[in-house]
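Student: quick one: sequence and predicted model below, then my questions.
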2 protein chains.
Amino acid sequence: MLKYEAIARDIQSSIEDGSLRPNERLPTVVELCEIYAVSKITVKRAMDWLTEAGLVTTRRGSGSYVKNSTGLVDDPLSVGVNDRAQGFTAEHADPAEKVSSMVYAFDIVIPSPEIARHLAIANDDFTYYHCRTRLVNNVPITIEYTHMPLDLIPGLKRRHVCASVYRYLQQGLGLKIASFHRAIRAVPADQIEAERLGIACNEPLLEFEQVGYLDSGVPFEYSISRNVGKRYTLHNITLA
Amino acid sequence: MLKYEAIARDIQSSIEDGSLRPNERLPTVVELCEIYAVSKITVKRAMDWLTEAGLVTTRRGSGSYVKNSTGLVDDPLSVGVNDRAQGFTAEHADPAEKVSSMVYAFDIVIPSPEIARHLAIANDDFTYYHCRTRLVNNVPITIEYTHMPLDLIPGLKRRHVCASVYRYLQQGLGLKIASFHRAIRAVPADQIEAERLGIACNEPLLEFEQVGYLDSGVPFEYSISRNVGKRYTLHNITLA
DNA sequence: AAGTGGTCTAGACCACTTC
DNA sequence: AAGTGGTCTAGACCACTTC
């Protein structure tokens, strides 16, 4: 494990088990350098990590302090702050949560010019298109409409769509998913979505319109996913 | 300006004016060190900044590449990726956007135990409470329900609530707003909200339940804000 | 084998607060 | 004036990819 990460996790433990209390000042950077036998820059990275995780705050000239926070954003580090980055399957890795899918469509199509633009492909390039609901313990949580460039992803089959597409990309093809750009909105469910999600027509859905990128910078996915409002909450930590 | 920030902005300019094209490899880290006459760690920080802004991606052993992205998240750096961190007024600083408020309530109250817990105050501590809609060019965008600890914020008056509370905290009291923890949901508008926002009852709202923290780690705000779904989009970049 | 980005050191120097 | 965190250097060493 990286040094700064080990230090960050050690301090996190001290916060969570109460040996560092809310609003308490942490040891100074120089003291932490001595405690962990590392240089200042490594301590700084550990502090940045804890800051991004929402656990501490630092004040130049003053010190670093444990944030007095109370569970609005829970367990920020175990899964990672960025919720759906690893995909729906990874997000619900808890063995008590059984993830399943209902696939309504899986085709190869010519996407709209707007989708082609988001995927940086030509207007006559094909994409895989799939529409599916994702369920946790047989309760529908989200409905997805996804396009992926055909040329980028050889061999995608319906069985992958029924299980986990991201697992096929990463473990089957060795692709590395690096980032997502998202637009997030509240929208009403249409009649078909309402039936598929087991809710009433026009009930609020939390929509993610997103483009996913590989570590090469190439877009691999354009998708719209709509999450049942009353069954899904997104958590977020923002630094000013 | 900081060196890494200057370098990042310079590379950003090269990407935006097309002298660095999508999917093109950037100069190597060592080359960038020579170009800008800085050390590796400073180049690394500039690359991290560009990565967080969604403009580039880096691959160990291979190089750094311009992301082939297309406007789903627009202008990530000018205002900052993190949208509402600076408050509604700062978010709509464009002079073509006239921000106004309609204040429905401004009182000093005893909040619910749950709100007291989020604010880390005692159950018999007072808070300011205000409810207002925020409008841009006279169109209602959001309705806010906000609690702030009385003891933390001496002298808050109705005129601040009608203008910008954050400006009073920062410029009037010298407080530094450091971070927000948020839960984000899609919820239906109730009858009163619908009237105040000029929409139909049960229309989808994008809800932010959030706790704001000062740089001391002390919570200064608990608020629920509900944004008209069809008038507001949240943008977000997530790294896997 | 050669080239790439990532982590880390020991320390200089700076910006900011007053523990 | 003393103490704090933040930035940056020059370079060692490492992990990973193959430009």
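Tutor: Thanks, I have it.

Student: the helix or strand of chain A with the lowest mean pLDDT close to chain B?
Tutor: Lowest by mean pLDDT, DSSP states H and E among the helices and strands of chain A is helix A:88-91, with a mean of 80. No: using C-beta under 8 Å from any C-beta of the partner chain, helix A:88-91 never reaches chain B; the gap is at least 9.9 Å. C-betas here are computed from N, CA, C, even on glycine.

Student: buried set for the helix or strand that that helix is followed by?
Tutor: Following helix A:88-91 in sequence order, the next helix or strand is strand A:99-109 (DSSP states H and E). Neighbour-count burial for strand A:99-109 flags A:99, A:101, A:106 (criterion: 16 or more other C-beta atoms under 10 Å in any protein chain shown).

Student: so which elements touch strand A:99-109?
Tutor: On a contact count with 3 or more C-beta pairs under 8 Å, 6 or more residues apart in numbering or on different chains; DSSP states H and E, strand A:99-109 meets strand A:127-136, helix A:158-162.

Student: look up how far residue A:51 lies from the residue lying farthest from the centre of chain A.
Tutor: When distances to the mean C-alpha position of chain A are computed (C-alpha atoms, centre = their mean), the maximum falls on residue A:34, with 35.6 Å. Distance of residue A:34 to residue A:51, computed by C-beta to C-beta, to the nearest Å: 21 Å.

Student: same thing with residue A:239?
Tutor: Distance of residue A:239 to residue A:51, computed by C-beta to C-beta: 7 Å.

Student: same deal with residue A:205?
Tutor: Residue A:205 is 33 Å from residue A:51, by C-beta to C-beta.

Student: quick one, which of the two is more surrounded?
Tutor: Set residue A:205 next to residue A:51 and count neighbours by other C-beta atoms under 10 Å in any protein chain shown: residue A:205 wins out with 28 against 19.

Student: dump the residue contacts of the more buried one.
Tutor: Contacts here follow C-beta atoms under 8 Å, 6 or more residues apart in numbering or on different chains; on that basis residue A:205 touches A:186-189, A:193, A:197, A:226-229, B:186, B:204.

Student: one more time with 6 Å
Tutor: A:187, A:189, A:226, A:229, B:186 (C-beta atoms under 6 Å, 6 or more residues apart in numbering or on different chains).

Student: which of these has the largest number of neighbours?
Tutor: Neighbour counts for these peak at residue B:186, which has 29 neighbours (criterion: other C-beta under 10 Å).

Student: look up the residues forming beta bridges with that residue.
Tutor: Under DSSP bridges, the beta-bridge partners of residue B:186 are residue B:206.

Student: repeat for residue A:136
Tutor: Residue A:136 has the following beta-bridge partners by DSSP bridges: residue A:99, residue A:139.

Student: thought it was touching residue A:94?
Tutor: No: the pair residue A:136 / residue A:94 is not scored as a contact, 9.3 Å apart, by C-beta atoms under 6 Å.

Student: between those two, which one's more packed in?
Tutor: Neighbour count, other C-beta under 10 Å: between residue A:136 and residue A:94, residue A:136 has more, with 19 against 10.

Student: who touches that one in this structure?
Tutor: Residue A:136 neighbours (C-beta under 6 Å, 6+ apart): A:92, A:97, A:99.

Student: those into a markdown table, with extra columns for distance to DNA strand C and pLDDT?
Tutor: What follows is the contacts of residue A:136, written out as a markdown table (distance: C-beta to the nearest atom of the strand, whole Å; pLDDT from 0 to 100):
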| residue | distance to DNA strand C | pLDDT |
| --- | --- | --- |
| A:92 | 28 | 81 |
| A:97 | 31 | 87 |
| A:99 | 31 | 91 |
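
Student: from chain B, how far out is the residue farthest from the centre of chain A?
Tutor: Note on residue A:34: its distance to chain B, by C-beta to the nearest C-beta, to the nearest Å, is 22 Å.

Student: mind checking pLDDT for that residue?
Tutor: Here, the pLDDT recorded for residue A:34 equals 95.

Student: confirm that it lies within a strand, as I assumed.
Tutor: No: Residue A:34 sits outside any strand when classified using DSSP: H, G, I helix; E, B strand; the rest coil, being helix.

Student: name the nearest residue to residue A:239, sequence neighbours excluded.
Tutor: residue B:179 (5.1 Å; C-beta to C-beta, 6 or more residues apart in numbering or on different chains).

Student: ok, residue A:67 next?
Tutor: residue B:217 (4.1 Å).
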